[in-house]
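A.B. asks: model the following, please.
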Amino acid sequence: MVDPLADAAYDWSPYRYGYNNPIKFTDPTGMLEDNYEIYDDGRIEVTRTKDKTNTYTYHEADGKTRDLGTYNKRDIKDSKGNTVELVDLSSVDPSLLLITDNAKKDQSTYLQEDFAAAVLGAAGHFTAFELHGMARAYGDYGLQATQLTDKNGKHSGHGGKLGEYADIRYGSIYPGTSQAIWVGDKNYSEHFSKKIVTSLYTLGFKNSNSILTENSKGNGPALPNTKFVAPPPGKNFHHKHHMHIQQLNRRNFSIK
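C.D. replies: Numbering: from 1, shown residues only. Next up, the predicted model:
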């Protein structure tokens, strides 16, 4: 069968597209899935298509690749009538990105497709670090998200760009376990929290308001390269139990 879109993706051989198995991964309609090639230095190469799935791949510094998953998309409209494409990350491997049970219960598992690439890339970057000089088999879980956005791109307490908000837990001294972490509590790890920020920053969360944190006293940021936003009146905490990410800088994105 002739690929009707062969000219649109001439650099993709059947073996590359089919992950070395072109018989299994045929493309009878010519509707290749969107592809995000994410590199450890923060570069993200995007191949746009018109189908309803996205595939994300992480390239480590040593040249090895890691499949970050293929996810379904849905189209929504923003207030100006523009189409926003969300991906549903509910099936993501928890060793890469754990989405908490409460987030899944609330169906807060969606992100705008480029924003998802940065979050998944940051998770790949973070879990590729070494732990105590050993290969980082990071236990059961990678980054831990307590809230993404819902199927309409909404995120509690924040408005603006649909699908472009996420709440990420701080690092724990027991990084392979799922638990709520507050800045300064006995299981809080400043070391791993800084690693999380480094990974997020590398993948594009580097604007002045991209990563919001709060120290244990509630009067400043908890970590370097993050910003503190004072809690609303009558509130004792805001970002002490999660770092909030937003305002993705897309300068490292290139579109094919």
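A.B. asks: what about Asn215, how many neighbours?
C.D. replies: 16 (other CB atoms under 10 Å). Using the backbone N, CA and C atoms, a C-beta is placed for each residue, glycine as well.
A.B. asks: am I right that it is in contact with Pro224?
C.D. replies: No. Between Asn215 and Pro224 there is no contact under CB atoms under 8 Å: 11.8 Å.
A.B. asks: where in the chain is pLDDT low?
C.D. replies: Low-confidence segments of the chain (pLDDT under 70): 1-33, 129-140.
A.B. asks: quick one, strands of it?
C.D. replies: 34-39, 44-47, 53-59, 65-77, 83-88, 97-99, 110-112, 143-147, 166-168, 211-212, 243-245, 253-255 (DSSP state E).
A.B. asks: just those strands: most buried one?
C.D. replies: Ranked by mean neighbour count, the strands of the chain are led by strand 166-168 with a mean of 27 (mean count of other CB atoms under 10 Å).
A.B. asks: what packs against that one?
C.D. replies: strand 143-147, strand 243-245 (3 or more CB pairs under 8 Å, 6 or more residues apart in numbering; DSSP states H and E).
A.B. asks: out of the strands of the chain, nearest to Phe192?
C.D. replies: Among the strands of the chain, strand 143-147 comes nearest to Phe192, with 10.4 Å by CB to CB.
A.B. asks: residue nearest the middle of the protein, spatially speaking?
C.D. replies: Val119 (1.5 Å; CA atoms, centre = their mean).
A.B. asks: the stretch 101-250 of the chain: helices as residue ranges?
C.D. replies: Under the criterion DSSP state H, counting those that start in this stretch, the stretch 101-250 of the chain contains helices at 101-105, 113-127, 190-202.
A.B. asks: now tabulate these in JSON lines and tack on distance to Leu89.
C.D. replies: Below are those laid out as JSON lines (distance: least, CB to CB, whole Å):
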{"stretch": "helix 101-105", "distance to Leu89": "10"}
{"stretch": "helix 113-127", "distance to Leu89": "6"}
{"stretch": "helix 190-202", "distance to Leu89": "16"}
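A.B. asks: so which of the ones you listed is the most surrounded?
C.D. replies: Note that of the helices of the stretch 101-250 of the chain, helix 113-127 is the most buried (mean count of other CB under 10 Å), with a mean of 27.
A.B. asks: what packs against that one?
C.D. replies: strand 34-39, strand 44-47, strand 53-59, strand 65-77, strand 83-88, strand 97-99, strand 143-147, helix 190-202.
A.B. asks: and the second one, how far out from the chain middle?
C.D. replies: When you say that, I think you mean strand 44-47. 15 Å (CA atoms, centre = their mean, to the nearest Å).
A.B. asks: and for stretch 56-67?
C.D. replies: Put simply, stretch 56-67 sits 15 Å off its chain's centre (CA atoms, centre = their mean).
A.B. asks: try stretch 102-118
C.D. replies: Distance of stretch 102-118 from its chain centroid, counting by CA atoms, centre = their mean, is 8 Å.
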